[in-house]
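> Got a predicted model here, sequence first, then my questions.
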Amino acid sequence: MEYLPQDLIYEMVLRLPVKCLIRFSFVSKLWKAVIHSKDFIRKHRQRFNLNHLNDFALIRHHVESDPHDHFYSVAFSGDDTTLEEERLKHPLYSLEESDRLGLQSGIVALCNGLILLHVRSKKYDLGLFLWNPMISKHKMIPTPFKWARGKFSNRMYGLGYHSAEDDLKVLVLTEDYNNRSNSLFGQINLTMDLEVYSVALNRWKRIEKLPPSNLRIYVNHQSNMVSMNDSCVAWLMRDNDQLDLYMVVTFDLVKEEYQFFRVPILIRGPGVVKLMAFGGFLCFLRCYTGDCINVWFTKDCDSCWSLEPVVLNCEPLFFDGERFLLNQLNHDGNDRLTWYNIKTQKHDYGTEIRRHTRSNRCTETTLCVGDLSLLLDADPDGRRSYFGHVF
C-alpha cells in the first residue's frame with residue numbers, strides 16, 4: 001500500500017499530544033491548516049481531556065519574594081522515573097515591570113488546559129488573562145471597568161466551557177459592601193453581581209438571576225470556582241443565617257440556572273474548605289493544620305457525597321474514582337508523584353520531580369491537560385507590555 005487514506009491520517013494526528021502537533025504544524029501548509037482548524041481543535045479537546053492522563057504538565061506557581069513570582073513546568077509524555085523542572089518565561093510581564101509597577105499574578109481558575117491569571121498591584125486589580133502554558137499562548141480579557149481593590153468588596157473568579165457553543169466563559173461573582181448610604185443601625189447593604197465573558201463573542205453579559213440573598217461568598221484565597229465536564233461551574237457559598245453551613249452552588253452555562261446542595265459536614269473550628277473537580281468528580285476538601293486533609297467526593301454533582309472521608313496529607317492533583325494523584329514533597333526538597341488507592345489505602349510511587357528551586361514558600365501546583373485552546377484566539381506574539389500605561 002503506497003499511501004494511507006486521508007481519513008486514517010486525520011485520526012492518527014488527532015491522537016498526538018499537543019507538543020507534537022505544534023511541531024507538525026510547521027511541516028507543511030496543509031498540516032498547519034488542519035491543526036489550526038476549529039473542528040480539529042474541538043475534536044482534539046474531546047479526545048484529550050482530564051479523564052485520561054496521557055498528555056499533561058504540572059505547572060508550579062512560586063512566589064519568591066514580594067512582588068516576584070515565577071512559573072515552573074514539568075511535561076509528561078511517558079513512564080519517566082525522574083524529570084527536571086524548567087522555569088517558564090512569565091507570559092505577561094517582565095521582571096523589570098514587576099519591580100517598577102509592583103505586579104503580581106495568581107492562578108484563580110482552570111479549564112481545558114487553560115489557566116485564568118489575575119494580575120494585581122498594591123492598589124488595583126489590573127485584569128484577567130487566559131494562558132495556555134502547553135502552547136505558550138495568552139489572551140487579555142477586557143474588563144468593563146477598572147477594578148479598585150475596595151475594603152468592602154469580595155470577588156470570585158471562574159472559567160468554564162460551553163460545549164454546545166464551543167466557547168470558553170470567564171465568570172466573575174462580586175459582592176460589594178461599598179454602598180452604605182442607606183444602612184441603618186449598623187447594617188451594611190450588600191449588592192451582588194455575576195458577569196460572564198464569552199471568548200468567542202468577545203463581550204460581557206450580566207446574569208440577572210442571582211443566588212439567594214442569604215448566601216455569601218466564602219472569603220479565602222482558594223475559594224474560586226471549579227469547572228465541571230457538563231458545561232457548568234461550581235463554587236462554595238456560606239449561609240449567612242447559619243454560619244457553619246456551606247452550600248455548593250452550580251451554575252449551568254447553557255440554561256443559566258443554579259442548583260444548590262449542602263457540603264457533607266458542618267464547618268466548625270479552624271481550617272479552610274475547598275472544592276476541586278476532576279473528570280466528572282466533584283471533591284470537597286476540609287483542610288486542617290498539620291497537613292491533614294479530609295476529602296469527600298460525588299459523581300456528576302448529584303449531591304450524594306461519599307459516606308466517609310479519604311484522609312490525605314496533601315491536596316490531590318487528580319481523581320479517577322479509585323485513586324488520587326498526589327504531589328508529595330520529599331525530604332530533599334524535590335517532589336514525587338504518587339497514586340493513592342482509596343480501597344487498598346496504599347501508595348504507588350511514581351515520578352520524581354527535581355525542582356528548579358527548593359523553597360516551598362507560597363507554592364501552588366496545578367495540573368494542565370494538553371489542549372489547543374487559544375491557538376487561534378491568542379493575542380499577537382511579542383505583545384508583552386500590557387501594564388506600561390497603568391499609572
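Everything's here; your move.

> quick one, phi psi at residue 6?
phi -60, psi -40 (degrees, to the nearest 10).

> if I look at it, how far off is residue 31?
Computed as CB to CB, to the nearest Å, the residue 6 to residue 31 distance reads 12 Å. Yep, even glycine has a C-beta here, placed from its N, CA and C like the rest.

> and those two? which has more neighbours close in?
Under the criterion of other CB atoms under 10 Å, the comparison of residue 6 against residue 31 puts residue 31 first, with 15 against 9.

> Show me the shaky parts of the stretch 251-391 of the chain.
For the stretch 251-391 of the chain, the stretches with pLDDT under 70 are 290, 300-303, 357-362, 380-391.

> Tell me which stretches of it form strands.
258-262, 272-278, 281-288, 292-299, 310-312, 316-319, 323-329, 335-341, 346-354, 363-369 (DSSP state E, counting those that start in this stretch).

> Quick one: the helices in this protein, in order.
6-14, 18-24, 29-35, 38-47, 95-101 (DSSP state H).

> so for the first one, what's the average pLDDT?
It stands for helix 6-14. Averaged across helix 6-14, pLDDT comes to 84.

> Which positions within that helix qualify as buried?
Using 16 or more other CB atoms under 10 Å as the test for burial, helix 6-14 gives 13-14.

> How about stretch 16-24?
16-18, 21-22.

> Now do the same contact list for residue 228.
160, 234, 250, 277, 280, 282, 301 (CB atoms under 8 Å, 6 or more residues apart in numbering).

> Show the buried residues in those.
Buried among the contacts of residue 228 (16+ other CB under 10 Å): 160, 234, 250, 277, 280, 282, 301.

> end-to-end on stretch 231-246?
Using CA to CA, to the nearest Å, the end-to-end distance of stretch 231-246 comes to 23 Å.

> what comes up buried for that stretch?
Per 16+ other CB under 10 Å, stretch 231-246 contains these buried residues: 231-238, 245-246.

> okay, these in a markdown table with pLDDT and distance to residue 200 next?
Conversion of the buried residues of stretch 231-246 to a markdown table gives the following (pLDDT from 0 to 100; distance: CB to CB, whole Å):
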| residue | pLDDT | distance to residue 200 |
| --- | --- | --- |
| 231 | 88 | 14 |
| 232 | 91 | 18 |
| 233 | 94 | 17 |
| 234 | 94 | 22 |
| 235 | 94 | 23 |
| 236 | 94 | 28 |
| 237 | 93 | 28 |
| 238 | 91 | 33 |
| 245 | 92 | 38 |
| 246 | 93 | 33 |
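
> In those, find the pair that's most separated.
231 and 245 (27.6 Å; CB to CB).

> what's around residue 189, how many residues?
Using other CB under 10 Å: residue 189 sits among 13 other residues.

> same check, this time on residue 215
21.

> Let me see the contact set for it.
237-240, 247, 249.

> picking up where we left off before, closest one of the contacts of residue 228 to residue 341?
Among those, and counting by CB to CB, the member closest to residue 341 is residue 280, at 18.8 Å.

> For the closest one, give its distance to residue 286.
21 Å.

> nearest to residue 208, of the helices of the chain?
Of the helices of the chain, nearest to residue 208 by CB to CB is helix 38-47, at 29.9 Å.

> and the angle for the closest one with strand 363-369?
120 degrees (axes from the mean of the first three to the mean of the last three CA atoms, to 10 degrees).

> Could you list the buried residues of helix 38-47?
So for helix 38-47, counting by 16+ other CB under 10 Å, buried means 40-41, 44-45.

> Put together JSON lines for those residues, with distance to residue 167 and pLDDT on each row.
Output for the buried residues of helix 38-47, formatted as JSON lines (distance: CB to CB, whole Å; pLDDT from 0 to 100):
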{"residue": "40", "distance to residue 167": "17", "pLDDT": "90"}
{"residue": "41", "distance to residue 167": "12", "pLDDT": "88"}
{"residue": "44", "distance to residue 167": "16", "pLDDT": "85"}
{"residue": "45", "distance to residue 167": "12", "pLDDT": "82"}
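
> Let me have these in CSV, extended by distance to residue 59.
Formatted as CSV, the buried residues of helix 38-47 follow (distance: CB to CB, whole Å):
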residue, distance to residue 59
40, 24
41, 21
44, 20
45, 18
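
> just to revisit the earlier point, among the contacts of residue 215, which lie within strands?
237-239, 247, 249 (DSSP state E).

> out of the strands of the stretch 251-391 of the chain, nearest to residue 202?
Of all the strands of the stretch 251-391 of the chain, strand 363-369 comes closest under CB to CB, at 23.9 Å.

> strand partners of that closest one, parallel vs antiparallel please.
As defined by DSSP bridges, the strand partners of strand 363-369 come to strand 56-65 (antiparallel).

> which non-adjacent residue is nearest residue 272?
residue 287 (4.9 Å; CB to CB, 6 or more residues apart in numbering).

> Next up, the contacts around the one you found.
Contacts of residue 287 (CB under 8 Å, 6+ apart): 271-274, 293, 315.

> try residue 38
166, 376.

> repeat that for 10 Å
Listed by CB atoms under 10 Å, 6 or more residues apart in numbering, the contact set of residue 38 reads 166, 200, 372, 375-376.

> can I get the helices of the chain in CSV with distance to residue 215?
Formatted as CSV, these follow (distance: least, CB to CB, whole Å):
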stretch, distance to residue 215
helix 6-14, 43
helix 18-24, 39
helix 29-35, 44
helix 38-47, 33
helix 95-101, 36
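
> Kind regards, and thank you for your time.
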